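*Asks:* how does the following fold in three dimensions:
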Amino acid sequence: MNTSRIGLAVGALMLALMLPACAPGIPRTDPPGPSPAETGDGPTTQPVAPPILQPLDPALVGEWRVSSWLDSTGSQALWEIYRFTADGHYRYTFSECRSTTECALISQEQGTAQTAGGVLTLVPQTASDVGTQEWPYEVGFLDPEITVSLELHLLNADGSVHQIFYGDA
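*Replies:* Predicted structure coming up:
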């Protein structure tokens, strides 16, 4: 085949491909391609921005612990530990100890912590037994008779107070 025939064949092929787009009244069938949403020609949804964290009350930053003894000997206990960081994150662990060396992790979670208007909000970013939680809270030496341990009080929905101590108290 000589080059003039190749040129003629290419020209005919291009004309055949362009003719349906230019000729009125001839139905046009486009090959399947990306959807308008994929090409940006159709409706789009805006990506969801991560929540803007409010500053965490600096009085909460650190580790808070509470234990509940399961027996009169003091050898079995349940431990709850909250760790709050200045950048607005928390980690919670709940453990059962049968002795001073034998402890089992019952549950744990971590996520974001915020404070606003006297309310502490924990939003888990990992698996959680209870999901997002909110409590009115107070921090300080809340029992005037005992000024040894800094305390965090979380007011539960039923009106009871969950008392947690700072550090190793």
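
*Asks:* what helices and strands are in contact with the strand ranked longest in the chain?
*Replies:* For the chain, the strand with the greatest residue count under DSSP state E is strand 103-116. Counting contacts by 3 or more CB pairs under 8 Å, 6 or more residues apart in numbering; DSSP states H and E, strand 103-116 packs against strand 77-84, strand 89-97, strand 119-124. Quick note: C-beta positions are derived from backbone N, CA and C, even for glycine.

*Asks:* adding mean pLDDT, write these out as TSV.
*Replies:* Output for these, formatted as TSV (pLDDT from 0 to 100):
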stretch	mean pLDDT
strand 77-84	93
strand 89-97	93
strand 119-124	94
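
*Asks:* select, out of these, the one closest to residue 70.
*Replies:* Closest approach to residue 70 among the helices and strands packed on strand 103-116 is made by strand 77-84 (6.0 Å; CB to CB).

*Asks:* which residues does that closest one contact?
*Replies:* Here strand 77-84 makes contact (CB atoms under 8 Å, 6 or more residues apart in numbering) with 56, 60-70, 90-97, 103, 106, 113, 152, 164.
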